[in-house]
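**Student:** With the input below, show me the fold.
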Amino acid sequence: MKIRFGYVSTALSLWEASPSRTMTFARYKVLGKEERREKLLAITAENLWNTKRILYYNIAHGIDVYRFSSSIVPLATHPEAHWDYASPFRDEWLDIGELVKKHQLRVSFHPNQYTLFTSPRTEVTANAVRDMEYHYGMLECMGLQEWGTLNIHIGGAYGDKISAISRFHENLRMLPSPIKAAMTLENDDKTYTTEETLAVCLKERIPLAFDYHHHMANPCGRPLEELLPEVFSTWSHMGHVPKIHVSSPKSENAFRSHADHVDLEFILPFLKLLREIGHDVDFMIEAKTKDQALLKLVPEVAAIRGVKRIGGAAIEWN
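**Tutor:** Numbers count the residues shown, from 1 in each chain. Prediction:
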């Protein structure tokens with residue numbers, strides 16, 4: 001079994017390297033037409049540059065798995081501030097894509113929690129489609145539309161899970177098929193369990209990005225050793241090994257909140273189960289300290305008897 005480790009968005013070890021600088025719509029409105037354009041261009045240029053810096057940092061540290069920031073382009077989905085973020089930065093986008101391809105990096109986006117396909121309100125679904133189009137559009141700009149993935153949750157239950165899931169299937173038809181083909185779904189820490197999410201994934205032929213922390217916070221009736229082979233099967237048509245999100249609770253009282261780092265003892269039973277199953281996977285670390293949490297966790301896992309470190313952020317356990 002091989003595991004590669006990745007992290008989310010920002011390399012905290014780099015100085016001033018946020019790829020998520022933005023501006024509020026309130027600020028945007030008070031600016032003149034040219035000032036608006038200049039500000040949008042300047043922020044996007046900085047975010048793209050920092051994204052490239054982060055990728056070089058990842059390559060230097062042997063980190064092959066990375067989640068792009070969703071906020072590279074400010075106000076990209078605001079209906080009153082819609083603008084062309086592709087043409088002015090054509091070369092910059094393509095440079096990032098070429099870097100990803102050259103070094104065989106696994107990349108993804110995670111649209112925010114408001115990207116919902118279960119809502120009874122048509123405007124919420126329209127906004128969800130718009131947000132998915134924006135994220136897919138960034139992949140297209142980078143030439144990675146056949147490479148990267150877009151991960152979301154099923155959405156809210158609205159007091160009736162059966163009806164909400166039915167709406168999910170119905171509303172998802174509004175999403176263009178190439179974007180749907182890039183989708184993954186994640187189990188929730190409160191609403192949709194692994195088993196419920198798996199049923200949706202199987203019906204829609206969408207891979208399930210399993211979240212271990214969420215599963216522990218919101219367990220289902222079936223044991224994990226039964227569920228995981230089925231979860232992994234949802235990836236069989238993709239060119240990727242299954243992706244798993246790992247984090248640990250901030251505290252017993254704040255169990256659903258992410259801690260600064262990943263507690264090895266919390267994930268150790270899961271690691272042992274993965275070893276028994278023997279399936280290669282990629283871990284996306286969702287800890288507050290981002291890359292620093294990864295650089296702390298990998299040597300801790302590598303110190304387990306029988307585990308061999310095979311890269312800066314990869315291990316093998318036979």
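
**Student:** Only C-alpha atoms from now on, for both contacts and neighbour counts.
**Tutor:** Fine.

**Student:** List the first helix or strand encountered after the longest strand seen in the chain toward the C-terminus.
**Tutor:** Criterion DSSP state E: the longest strand present in the chain is strand 2-8. Using DSSP states H and E, the helix or strand that follows strand 2-8 in sequence is helix 25-30.

**Student:** What is that following helix packed up against?
**Tutor:** The helices and strands touching helix 25-30, judged by 3 or more Cα pairs under 8 Å, 6 or more residues apart in numbering; DSSP states H and E, number zero.

**Student:** what about 10 Å?
**Tutor:** Packing contacts for helix 25-30, counted by 3 or more Cα pairs under 10 Å, 6 or more residues apart in numbering; DSSP states H and E, involve helix 33-60.

**Student:** tell me how far the ends of stretch 169-184 are from each other?
**Tutor:** 14 Å (Cα to Cα, to the nearest Å).

**Student:** ok now it, how far from the chain's centre?
**Tutor:** Distance, stretch centre to chain centre, for stretch 169-184: 17 Å (Cα atoms, centre = their mean, to the nearest Å).

**Student:** what is the mean pLDDT for it?
**Tutor:** What stretch 169-184 shows for mean pLDDT is 97.

**Student:** likewise stretch 142-151?
**Tutor:** Rounded mean pLDDT across stretch 142-151 is 97.

**Student:** try stretch 213-230
**Tutor:** On average, stretch 213-230 scores 96.

**Student:** residues in contact with it?
**Tutor:** Residues from elsewhere that reach stretch 213-230 (Cα atoms under 10 Å, 6 or more residues apart in numbering): 186-196, 198-199, 202, 208, 210, 212, 231, 245-249, 255-258, 266-267, 270, 273-274, 276-277, 279, 286.

**Student:** So for the longest strand of the chain, what gets flagged as buried?
**Tutor:** Across strand 2-8, burial judged by 16 or more other Cα atoms under 10 Å covers 2-8.

**Student:** where along the stretch 101-250 of the chain do the strands fall?
**Tutor:** Assigned by DSSP state E, counting those that start in this stretch, the stretch 101-250 of the chain shows strands spanning 106-109, 149-153, 183-186, 210-211, 243-246.

**Student:** How far off centre is the longest one?
**Tutor:** For strand 149-153, the distance between its averaged C-alpha position and the chain's averaged C-alpha position is 6 Å (Cα atoms, centre = their mean).

**Student:** Return the list of helices and strands in contact with it.
**Tutor:** Packed next to strand 149-153, using 3+ Cα pairs under 10 Å, 6+ apart, are strand 65-67, strand 106-109, helix 122-142, helix 177-180, strand 183-186.

**Student:** Kind regards, and thank you for your time.
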